[in-house]
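# Got a predicted structure plus its sequence, pasted below:
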Amino acid sequence: MKLRNLLLIVVAALSLVSCKQDPSSLLPNISGKAGEIVVVASKGDWEAEPGSALRSVLAKDFPYLPQSEPHYTLFNVPQASFKQVFQLHRNIIIVKIDESVTENKLIAQENVWANPQTVISLQAKDVLSMMKLIEDNGTKMLNIFDQAERNRVIRNCKEFEVGGLKEKVAEVFGGSPYFPTGYSIKKTTDNFMWISHETNFTNQGVFIYKYPNDNNATLTCNSIIEKRNQVLMENVPGMTQNSYMTTSKAVVPGYNWVKVGKKEFAEVRGLWDVENDFMGGPFVSHSFYSKDKSEIITVECFVYAPKYDKRNYLRQVESIIYSFTWEDEWK
């Protein structure tokens, strides 16, 4: 009887654990490359107005890259071919145009067939309604997929984090992004740190710097760029004498005030180059106030990859700076 009771206790405990387990953890891992979206639609719809509307929203140029690259790479799969191999893709859009549809709507779901997966279903009664649905929800779809791609990178950063690195950053700045394997400190001072992941042909770098918040300064694009140029001239030399990283004057940087959860920051996107040299590439910076408002902190990323497309490299390192968290909020 004692053995039987023990077995019942073990079975009950295992059942309890099973009930509490996240169902998504039982799904297979996603497939596909970063920046790809599978569009499930008939060939006729893909080659006509609905497909054109989707491409104009999701495959438009990625902002502030030196060469033209699509925001997302789209692949059409007809409904009849949408089997398991495609159902495991990381990003999916399902287009349904049918007169039986009673309400034109967008439905966003996570982890339908794989994990971590994002699926958007678009349902409309006719072609014109579908085009309007896409037009009205273009920014929303971009934001959903951008956040999903970002979350995947951040999850990997935490899973494969470089031990002790964020603690060293937090000693200077009170918080830090999460850095995955391959990143290391290249330079550090009292108010500046340079952390990078370098290969023979690529460089994904992160700069973190701070400066006094004099007279409760407003974070304007001009003030951020002015301070950026000053800090980089002092800390990031080029390969030749009297050369240093700076903000390219070839394009006017883009500026937005962004709120993600509890975090708010001024985002600047643009191109960098090297004074008195011929290097360059894209950068993204996030500037915000320290917790006591006495300082301004900037966390920025850049990519140097002259032989390769830069979209995915930038997405990876941009996701890292999005992961910045104050030390007292670490779990």
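Perfect, thanks for sending it. Being a predicted model, the structure only gives us computed values, none of them experimental. Residues are numbered from 1 along each chain as shown.
# Could you chop the protein up by domain?
26-156, 162-329 (automatic domain parsing).
# Quick one: the strands in the stretch 1-150 of the chain, in order.
Secondary structure of the stretch 1-150 of the chain (DSSP state E, counting those that start in this stretch): strands at 36-40, 73-77, 91-97, 105-110, 118-124.
# ok, residue 147 - contacts?
Applying Cβ atoms under 8 Å, 6 or more residues apart in numbering to residue 147 gives no contacts. Yep, even glycine has a C-beta here, placed from its N, CA and C like the rest.
# re the thing from before, got the domains of the chain as CSV, with mean pLDDT columns?
Formatted as CSV, the domains of the chain follow (pLDDT from 0 to 100):
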stretch, mean pLDDT
domain 26-156, 96
domain 162-329, 95
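# Save the strands of the stretch 1-150 of the chain as CSV, and put in mean neighbour count and distance to residue 205 too.
Output for these, formatted as CSV (neighbours: other Cβ atoms under 10 Å; distance: least, Cβ to Cβ, whole Å):
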stretch, mean neighbour count, distance to residue 205
strand 36-40, 21, 25
strand 73-77, 17, 25
strand 91-97, 22, 27
strand 105-110, 13, 32
strand 118-124, 21, 28
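# For residue 108, list each beta-bridge partner.
Assessed by DSSP bridges, residue 108 has beta-bridge partners residue 120.
# so what's the residue most central in space within the chain closest to, chain neighbours aside?
Nearest to the mean C-alpha position of the chain, counting by Cα atoms, centre = their mean, stands residue 150 at 3.0 Å. Spatial nearest neighbour of residue 150, chain neighbours left out: residue 319 (4.5 Å); criterion: Cβ to Cβ, 6 or more residues apart in numbering.
# show me where the protein has helices.
2-20, 43-47, 49-58, 84-87, 127-136, 138-159, 165-173, 221-235, 311-322 (DSSP state H).
# so which of these is the most packed in?
helix 311-322 (a mean of 22; mean count of other Cβ atoms under 10 Å).
# Name the residues that touch it?
33-35, 62, 65, 69-71, 149-150, 153-154, 157, 177-180, 183, 197, 202, 204-206, 260, 282, 284, 286, 299-303, 305.
# one step back: against residue 181, how distant is the residue nearest to residue 150?
Shown here: residue 319 relative to residue 181, a distance of 15 Å by Cβ to Cβ, to the nearest Å.
# Measure how far stretch 249-265 is from the centre of its chain, please.
The chain centroid and the centroid of stretch 249-265 are separated by 14 Å, computed with Cα atoms, centre = their mean, to the nearest Å.
# follow-up on the earlier one: the contacts of helix 311-322, buried ones only, as a PyMOL selection?
Buried residues among the contacts of helix 311-322 (16 or more other Cβ atoms under 10 Å), as a PyMOL selection:
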select buried, resi 34+35+62+65+69+71+149+150+153+154+157+177+178+179+180+183+197+202+204+205+206+282+284+286+299+300+301+302+303+305
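# roughly how far apart are residue 32 and residue 75?
9 Å.
# Check residue 160 too.
28 Å.
# that older thread, for residue 109, which of the helices of the chain is the nearest?
With respect to residue 109, and counting by Cβ to Cβ, the nearest of those is helix 138-159 at 10.3 Å.
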